[in-house]
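Q: Sequence and predicted structure are below.
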Amino acid sequence: MKIVIFSGGSGTRMWPLSRREMPKQFQNLVGNTSMFQQMVEMVLSGFKASDVFVLTGKNYIELVKKQVPKIPSENIIGEPEMRDTLAAVSFAAAYLEKKFPGETMAALWGADHIVREKETFVKALRAAEKLANQEDVIAKVDVHPTFPSVHLGYLEIGNKVRVLDGFDVYEFKRHVEKPDYATAEKFLEKGNYLWNTGYFVWKLSKFMSLLEKHNKETYNALKKIQEAVGSAKEERIVEEEYQKIPKMMIDHALFEKLEKGDQLEIPAVLGWTDVGAWNVLKDELAEASEQNVVKGEHIDIDSVDC
């Protein structure tokens, strides 16, 4: 299995600390290394470096090489331009299908995630790889929500269909991207919804067939890119065709269109946090809710919970 870690976002919700020149995933916010480095090290604890790829912005390639020297330089892929997650994920899938036909891919949208249960994470990815190959589905590793977040997607699950390597596997019913607060509260109360972690495993051929079905415009552009990979005109064709991919989230372009049978869910206890906003970072670093979190020089005047 080939694993792709996506690390090209600029983390705008954590401005001004997170900026285009140095996004939050490359900073030492939680621990002594960056969240990106922590994710890579966790993946390398269970998979070979030669099977791990990083998709990032062209302007971050040198930074990625510096932070994770164990990853081969040829496995660091520069996104032609920033066009949201539909372009990034589908480009990575098409690129790898051309390089490794018949292979399975794990897409990890998690360069800024905290995962405390590292062994469980690796085992869950291995189980998802088996599931994707045995059932010809997208196999997702997700977690149960702990509060009504409006910044995450939710997956409704149905009946338990099997147990695989110690993990329960559930039917996928639908994907709801970033609901409002009242809806998120209802999802939490019902108990049959998971948070979308962004951890997907699929056979590359399966992903491409779903893309052809639900987003033909993107699929056509990717097929032209595939034809050009390895040729003298690769760079020009990639840039031309990449611009034709709609600038939108893959959640809306594909995942919300999936039907029962296209995907199966593996809920896992990962000790998972998506450090995507200031309040989440504060919760991660504070020992008590009323405690201030301080890094660097500051002046404190009667402040609490800051």
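A: Nice, thanks for sending it over. Numbers count the residues shown, from 1 in each chain.
Q: CA only for contacts and neighbour counts going forward, please
A: Fine.
Q: in this protein, which spans are helices?
A: Taking DSSP state H as the criterion, the chain carries its helices at 35-44, 61-67, 84-99, 118-135, 181-190, 204-214, 216-228, 234-242, 250-253, 278-285.
Q: Other residues contacting the third one?
A: If I follow you right, that is helix 84-99. 4, 55, 79, 82, 103, 105, 107, 204-205, 207-208, 218, 222-223, 225-226, 229, 242, 245-251, 253 (C-alpha atoms under 8 Å, 6 or more residues apart in numbering).
Q: and that helix with helix 234-242, angle?
A: With axes from the mean of the first three to the mean of the last three C-alpha atoms, to 10 degrees defining the directions, helix 84-99 sits at 140 degrees from helix 234-242.
Q: With just CA atoms, put stretch 129-149 into PDB.
A: What follows is stretch 129-149, C-alpha atoms only, in PDB (Å, rounded to 0.1, in the frame of the first residue of the first chain):
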ATOM      1  CA  GLU A 129      -6.200  -2.000   3.400                       C
ATOM      2  CA  LYS A 130      -7.600  -5.500   3.800                       C
ATOM      3  CA  LEU A 131     -11.200  -4.200   3.700                       C
ATOM      4  CA  ALA A 132     -10.600  -2.100   0.600                       C
ATOM      5  CA  ASN A 133      -9.100  -5.000  -1.300                       C
ATOM      6  CA  GLN A 134     -11.600  -7.700  -0.100                       C
ATOM      7  CA  GLU A 135     -14.700  -5.600  -0.600                       C
ATOM      8  CA  ASP A 136     -13.700  -3.200  -3.400                       C
ATOM      9  CA  VAL A 137     -14.800  -0.200  -1.400                       C
ATOM     10  CA  ILE A 138     -13.500   3.000   0.100                       C
ATOM     11  CA  ALA A 139     -12.500   1.900   3.600                       C
ATOM     12  CA  LYS A 140     -12.500   4.800   6.100                       C
ATOM     13  CA  VAL A 141     -10.900   5.000   9.600                       C
ATOM     14  CA  ASP A 142     -13.000   7.500  11.600                       C
ATOM     15  CA  VAL A 143     -13.700   8.300  15.300                       C
ATOM     16  CA  HIS A 144     -16.700   8.900  17.400                       C
ATOM     17  CA  PRO A 145     -17.400  12.600  18.000                       C
ATOM     18  CA  THR A 146     -16.900  14.100  21.500                       C
ATOM     19  CA  PHE A 147     -18.600  17.400  21.100                       C
ATOM     20  CA  PRO A 148     -20.800  19.100  18.400                       C
ATOM     21  CA  SER A 149     -18.100  20.500  16.100                       C
END
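Q: Just the mean pLDDT for that stretch, thanks.
A: For stretch 129-149, mean pLDDT is 95.
Q: try stretch 103-110
A: The average pLDDT for stretch 103-110 rounds to 90.
Q: Spatially nearest residue to Glu79, not counting backbone neighbours?
A: Sequence neighbours aside, Gly57 is the residue nearest to Glu79 in space, at 5.0 Å (criterion: C-alpha to C-alpha, 6 or more residues apart in numbering).
Q: Nearest spatial neighbour of the residue most central in space within the chain, chain-adjacent residues omitted?
A: Nearest to the geometric centre of the chain sits Trp109, at 1.1 Å (C-alpha atoms, centre = their mean). Nearest residue to Trp109, sequence neighbours excluded (C-alpha to C-alpha, 6+ apart): Gly198, at 4.8 Å.
Q: Contact partners for that neighbour?
A: Ala107, Leu108, Trp109, Gly110, Asp142.
Q: pretty sure the second one is in contact with Phe6, am I right?
A: In other words, Leu108. Yes. Assessed by C-alpha atoms under 8 Å, Leu108 is found in contact with Phe6 at 6.3 Å.
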